[in-house]
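>>> Okay, predicted coordinates and the sequence, questions at the end:
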Amino acid sequence: MSLFSDPVPGPAPSSPAPPSAATASAAAAAGTWTLGDLTVNRIGFGAMRLAQTGAALVPDAVPRDRGQAVGVLRRAVELGVNHIDTAAFYFSPLRSANELINRALSPYPDDLVIATKVGQPRDPSGAWLPHARPEQLRGLVEENLRQLGRDHLDLVNLRVVGDGPVAERFGALAELRTAGLVRHLGLSNVRPHQLAEAQAVAPVVCVQNMYGLGVVPEQDPFVDLCREQGVAFVPFYAIAASGRQHGAPTGGEDPLLVEVARAHGASPAQVRIAWTLQRGPHVLAIPGTGDPAHLAANVAAGALRLSAEELVLLEALHRR
């Protein structure tokens, strides 16, 4: 029995309904990008918040209602989301993001791209373990395959801790790509020299780093470098900012950001998403939530266009 099984099995999941043209256009409003040979809408969905309510990645997380999580995933696909970011270490007691995705969306739509990451696992209690050695990465990939119910993974990011060498670990994933278990490779939480090191081993289709409006502005040159090299840049914590896995801080937003949001009849979180997307056509947003209303708002932010004047104002806030 899986660690994350319900005590009483629920009804067998049904396949998600195909999106109508009206709803599917929502996630397409920001345009598309190609990850290797896989085309995705630039508004995606991050699964970190799916397995629990409150803080993620903590041992005592409160499991989210399974029906709510399944409903959010299916609604995301109805809205045209075809890029979901997940990981086997996204779990709480009774809940695993990967297995929720499997339950909600399998059999998977043909155009759905599921990206996961491996590198530093958590034990069943939720405690972080040491960074995986190269020979341990296959087991982590196979665990994602099992939980997701796939025979291959569309995209695997190597999650890196620290600024040390990555070639040996990335090479282990490249071998799994050659073997057909992985289609494309990316990097998470890395620096430019690590990207260059990995690119010497195998193609890198994306970099996933912490970034957003006022969030690690020193990443700006790296965002530009990725664009020059045709590598997708996928920010995490773009809304949560310094709140990280705990969610957005409750202390209130900057008045300037609130003013821009009000001018568009939008929320500050939507402006954050729109600002992120306007950093370049290669930037992919993966806001995550377990709330259906927040999901709809996040996807709708892909259609929000900030003026040149607003971008200048927000740039000052970004660098403050």
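Noted; the coordinates are in hand. Residues are numbered from 1 along each chain as shown.

>>> Tell me which stretches of the chain form helices.
Counting by DSSP state H, the chain has helices at residues 21-28, 66-78, 97-105, 137-148, 167-178, 192-199, 220-228, 255-263, 268-277, 292-300, 308-319.

>>> residues touching residue 253, list them.
Going by CB atoms under 8 Å, 6 or more residues apart in numbering, residue 253 touches 261, 268. C-beta coordinates here come from the backbone N, C-alpha and C atoms, glycine included.

>>> Burial check on the residue nearest to residue 34 when sequence neighbours are not counted, number of neighbours?
Leaving aside its sequence neighbours, residue 34 sits nearest to residue 40 (CB to CB, 6 or more residues apart in numbering; 7.7 Å). Residue 40 has 23 neighbours, counted by other CB atoms under 10 Å.

>>> Let's have the helices of the chain in TSV, adding distance to residue 126.
Below are the helices of the chain laid out as TSV (distance: least, CB to CB, whole Å):
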stretch	distance to residue 126
helix 21-28	31
helix 66-78	18
helix 97-105	13
helix 137-148	15
helix 167-178	23
helix 192-199	27
helix 220-228	31
helix 255-263	34
helix 268-277	27
helix 292-300	24
helix 308-319	34
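
>>> Look up which residues are beta-bridged to the residue nearest to residue 34.
residue 33 (DSSP bridges).

>>> Pull up the per-residue confidence for it.
Reported pLDDT at residue 40 in the predicted model: 98.

>>> ok, now which ones touch it?
Counting by CB under 8 Å, 6+ apart, residue 40 has contacts 32-34, 82-83, 113, 284.

>>> Kindly recompute the last result at 10 Å.
Each residue near residue 40 by CB atoms under 10 Å, 6 or more residues apart in numbering is listed here: 27, 32-34, 81-84, 111-113, 115, 154-155, 232, 284.

>>> Could you pick out the buried ones from the residues you listed?
Buried by 16 or more other CB atoms under 10 Å: 27, 33, 81-84, 112-113, 115, 154-155, 232, 284, out of the contacts of residue 40.

>>> Could you identify the least confident member of those residues?
residue 27 (89).

>>> which residue packs closest to that residue, ignoring adjacent ones?
Closest to residue 27 by CB to CB, 6+ apart is residue 80, at 3.4 Å.

>>> Do me a favour and get the end-to-end distance for stretch 297-308?
23 Å (CA to CA, to the nearest Å).

>>> Return the distance of it from the chain's centre.
Distance of stretch 297-308 from the chain centroid (CA atoms, centre = their mean, to the nearest Å) equals 18 Å.

>>> Show me what counts as buried in it.
297-302, 304, 306.

>>> Quick check: the farthest pair among those?
299 and 306 (17.2 Å; CB to CB).
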